[in-house]
Every structure is written in C-alpha cells, then in structure tokens.
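Visitor: below: sequence and its predicted model.
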Amino acid sequence: MSNSARISEIFSSIQGEGYLAGRRQVFIRLDECNLDCRYCDTVYEKNFFCQVETAPGSGTLCALPQPPGVDGLVTLVSEWCSRLPGAHHSISVTGGEPLLQSEALREWLPELRRILPIHLETNGTLPVQLGRVIDSIDYISMDMKLPSTAGCGQELWHEHRRFLEAAVQRQVSVKVVIGQDTSPEEIGQVCAIVAAVERSTPLFLQPLSNAAGGVAIAAERILHLQETAAALLPDVRVIPQMHKMLGAL
C-alpha cells in the first residue's frame, strides 16, 4: 500500500450519536480537521504514536508507532471480532475529518469492509473526496455546522448541500448540534437543504453537551427546535451524546 492514514485512536465502544446510536462499533479516529468548531473537545495534532485499546472495551490504551499499516489494522479488527463474536455492528471511521485522508482511505477501506460494514462520520464539507471512497462505505453520518454552535467563521450551507447530493447514494443521515442560541431559522435552513435533496433523510438534533457530559440547552428550547424541524421533514429525532452519559470512550 502506497498510502497510510494517520490514526490517532482505535477503540471499541457504543456509538453515541445519530442513526447508529446504541450500536457497538470499532472506532478508527483519524488525525486532522479542516474546521475549528467551538464545541469540539478533541485535540488534533500529528503524533508519532497511535493510541490503541489493549483489549476491546477495556478503556486502557497503548501507543503504537504511526502510521499503522493496513495489514496490522485488518489483523487487529479481525482479532477483536473473533474475540467478541457478534458484538460489533460496524467500523466507524471518524475524526477530525477522515476525508482529508481520502487517498489512504481508498486503499484500506475495501480491506476493512470485508470484516464489517463501514460507517463514515464526517463534517459534510468535502464532496469531491467523498466521491473517491463512497463505493467502500455503507453508512454516512454527516454534520451540518450551525453558526450558533459551531462558530466556524463561515456559513457552509453550499458545501453541505453539495455533500448531501453525493452522499444520498448510501444510507445517509444528517446531524446538527443545537444550543440555547440556535434559532428556528437555522433549523429551517438545514431542513430546506435536506428537503431539496432527499426529504426522507433522517435528521438528528444533538443537544450541545456541557463539560460534565450533560445537556447544555433547556428542554423547552429543544422541543421548540424539534417542532420547527418536524413541520418540514418526516424523520426528526433528538439524541444527546449517549457515550458521554455512559462514560464510555
């Protein structure tokens, strides 16, 4: 393999967000991101080592040299699945923004997909890069970044629409992080994009989490934003970050 993706963490846990919430997955977290969201709690920097669980679900990490080769990655995931038969639903490729390393993903995703289905978690801004790997992906969880919560310094509606137009080839869902300052107008913009591309796409409203893992938005506000979205789309769900509530990785 000529390309190697830089991976920050590999671990086994419960998916806490979106369409596959509640499913257990092998998480492969890649380095780097093209955005700088206010609420992001992950430090993205190039390290010499990848942190890998010593056993699936142990929560204990050990350091392996970067970048991990595809053969070693396939061996690790295969071993975990053999050790815990039936426990894992899929492999979640997350970040950061995984599609920044699309050339490497194009080489090793087909190998991993022989073991388990592939679930891509993405900020939904890189449609060209998605096109390079979409044939090796089963599920796509795309964010739409709201100015009120993400605060990325720019509106990304055009990029999100182009991404969704490409992503509908697969089982795709849209997630937005909502906070106390999120407006019905922002939710309406999200719904307009979804409706224009594929109205049946599930939309997940994810309440902003506080430092303790609880919800940092009033229930009344959540319900109001859900009412706005539900009047425009047929499948709107509210799910907080379950893994934080469970105290899981």
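Guide: That came through, no problem. Numbering: from 1, shown residues only.
Visitor: the strands in this protein, which residues?
Guide: Secondary structure of the chain, counting by DSSP state E: strands at 7-14, 24-30, 49-53, 61-65, 90-94, 118-122, 139-143, 171-178, 203-207, 236-238.
Visitor: now what about the fourth one, what contacts it?
Guide: Residues from elsewhere that reach strand 61-65 (Cβ atoms under 8 Å, 6 or more residues apart in numbering): 9, 11, 48-54. C-beta: built from backbone N, CA, C; applies to glycine.
Visitor: for residue 95, state which of these is nearest.
Guide: For the contacts of strand 61-65, the closest approach to residue 95 (Cβ to Cβ) belongs to residue 9, at 10.2 Å.
Visitor: any idea how far the spatially closest residue to residue 16 that is not a sequence neighbour is from residue 17?
Guide: When the adjacent residues along the chain are set aside, residue 16 lies closest to residue 243, with 3.1 Å between them (Cβ to Cβ, 6 or more residues apart in numbering). Distance check for residue 243 against residue 17: by Cβ to Cβ, to the nearest Å, it reads 8 Å.
Visitor: okay, the two: which has more neighbours?
Guide: Neighbours per residue, other Cβ atoms under 10 Å: of residue 243 and residue 17, the larger number sits with residue 17, 22 against 17.
Visitor: what residues are up against the residue most central in space within the chain?
Guide: Note on the chain: the residue nearest the mean C-alpha position is residue 121, at 2.5 Å, using Cα atoms, centre = their mean. Under the criterion of Cβ under 8 Å, 6+ apart, the contact list for residue 121 reads 17-18, 92-95, 98, 141.
Visitor: turn the residues you listed into TSV, including pLDDT and distance to residue 221.
Guide: Formatted as TSV, the entries for these read as follows, by pLDDT from 0 to 100; distance: Cβ to Cβ, whole Å:
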residue	pLDDT	distance to residue 221
17	95	19
18	95	20
92	98	29
93	98	32
94	96	27
95	93	29
98	96	31
141	98	23
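Visitor: can you lay out the residues you listed as a markdown table showing distance to residue 180?
Guide: Converted to a markdown table, the contacts of residue 121 look like this (distance: Cβ to Cβ, whole Å):
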| residue | distance to residue 180 |
| --- | --- |
| 17 | 20 |
| 18 | 22 |
| 92 | 29 |
| 93 | 31 |
| 94 | 26 |
| 95 | 27 |
| 98 | 30 |
| 141 | 24 |
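Visitor: list the contacts of the one helix or strand in the chain whose mean pLDDT sits lowest.
Guide: Using mean pLDDT, DSSP states H and E, the weakest-scoring helix or strand in the chain turns out to be helix 242-246, at a mean of 84. Helix 242-246 has contacts (Cβ under 8 Å, 6+ apart) with 13-17, 21-22, 209, 213-214, 249.
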